[in-house]
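Engineer: Here you go, sequence then predicted model.
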Amino acid sequence: MMRRSRYDGSPNIGVYASVSESLAIVAPDSSTDFVRDLEEVLGVKTFMTTISSSFLVGSLVAMNSSGAVVSRNVEAAELEEIRKHIPAEVLPDDVNASGNNVLVNDFGAIINPDLNKKSERLIEDFLGVEVIRASIAGCNTVGSVCSVTNKGCICSVTTTDEEIELIKDILGVEAKKTSVNHGSKYVGVGVLSNSKGALIGDETTPIEMGKIEDGLVLY
């Protein structure tokens, strides 16, 4: 299933939520329509929290089925709330936008090369995946230019063939190039996806929707 959606006037929905196969962490001021879209399209349970007192939770947490890794500026009460729903650990890193810097599914992770070794080991051990450092489409913030599930991956149109192969090798899925929200290369900013569906920014064109459906194997 795929559906267009919007968060408080913005098509950049990936900034304001983070999703796994069964769970979505959502900014506390999310509308009932946005939350309903997440639950219906992705088949997830949702809960609301800030991270580092920010509503930009999609940029600040990365998840797979094993757990969540959260930016180091998370507050104690926020971390406690997250741990009520999913195991969570804090990345010991000054490069702190975990959602932007970690591209992960249940099979592997590609991370920002600027993350430190402690963060790399934590991601590998805690999320239970092979980890490799790489940029994608000229960006170190790999989570901002890709959206990956356990079935497929979509990435920026400027992704190289070598990077497509890297995604296949590490994340275990085929990757397809596309844009979102009428030409944006920041695919991860405009899409929230798991193996059951995709929520996409409402400025996404029909041609982009077709490529997203193909890349995420939503049929």
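Structural biologist: Received, thanks.
Engineer: Quick check: Val148 touching Phe107?
Structural biologist: No: when contacts are counted by Cβ atoms under 8 Å, Val148 is not listed as touching Phe107 (9.2 Å). No exception for glycine: its C-beta is placed from N, CA and C like everyone else's.
Engineer: okay, and the common contacts of those two?
Structural biologist: Contact criterion Cβ atoms under 8 Å, 6 or more residues apart in numbering; residues shared by Val148 and Phe107: Leu171, Val173.
Engineer: Same drill for these two, tell me which one is more crowded.
Structural biologist: Between Val148 and Phe107, Val148 has the larger neighbour count (other Cβ atoms under 10 Å), namely 32 against 15.
Engineer: Report the contact partners of the more buried one.
Structural biologist: Applying Cβ under 8 Å, 6+ apart to Val148 gives the contacts Leu103, Val104, Asn105, Ile154, Ile167, Leu171, Val173, Ala175, Ser193.
Engineer: Okay, and which of those map to helices?
Structural biologist: Among the contacts of Val148, the residues falling in helices (DSSP state H) are Ile167, Leu171.
Engineer: quick one: which of the contacts of Val148 is nearest to Gly67?
Structural biologist: Using Cβ to Cβ, Val104 is the member of the contacts of Val148 that lies nearest Gly67, at 10.2 Å.
Engineer: Would you quantify the distance from the spatially closest residue to Tyr186 that is not a sequence neighbour to Arg36?
Structural biologist: Counting by Cβ to Cβ, 6 or more residues apart in numbering, Tyr186 lies nearest to Ser144, which is 5.1 Å off, once chain neighbours are set aside. Relative to Arg36, Ser144 is positioned 26 Å away (Cβ to Cβ, to the nearest Å).
Engineer: re the thing from before, considering the contacts of Val148, which possesses the most neighbours?
Structural biologist: Highest neighbour count within the contacts of Val148: Ile154, with 30 neighbours (other Cβ under 10 Å).
Engineer: and the nearest residue to it once chain neighbours are set aside, backbone torsions?
Structural biologist: Nearest non-adjacent residue to Ile154, counting by Cβ to Cβ, 6+ apart: Gly215, 3.8 Å away. Backbone geometry at Gly215, expressed as degrees, to the nearest 10, gives phi -70, psi -40.
Engineer: isn't Gly215 right next to Val157, touching?
Structural biologist: No: applying Cβ under 8 Å as the test, Gly215 and Val157 come out as separate, 11.5 Å apart.
Engineer: More neighbours: which of the two?
Structural biologist: Neighbour comparison, Gly215 and Val157: the larger count goes to Gly215, with 27 against 14 (by other Cβ under 10 Å).
Engineer: how far away is the residue lying closest to Met1 once chain neighbours are set aside from Met2?
Structural biologist: Counting by Cβ to Cβ, 6+ apart, Gly197 is the residue found nearest to Met1 once chain neighbours are left out, at 4.0 Å. In this structure, Gly197 and Met2 are separated by 6 Å, where distance is defined by Cβ to Cβ.
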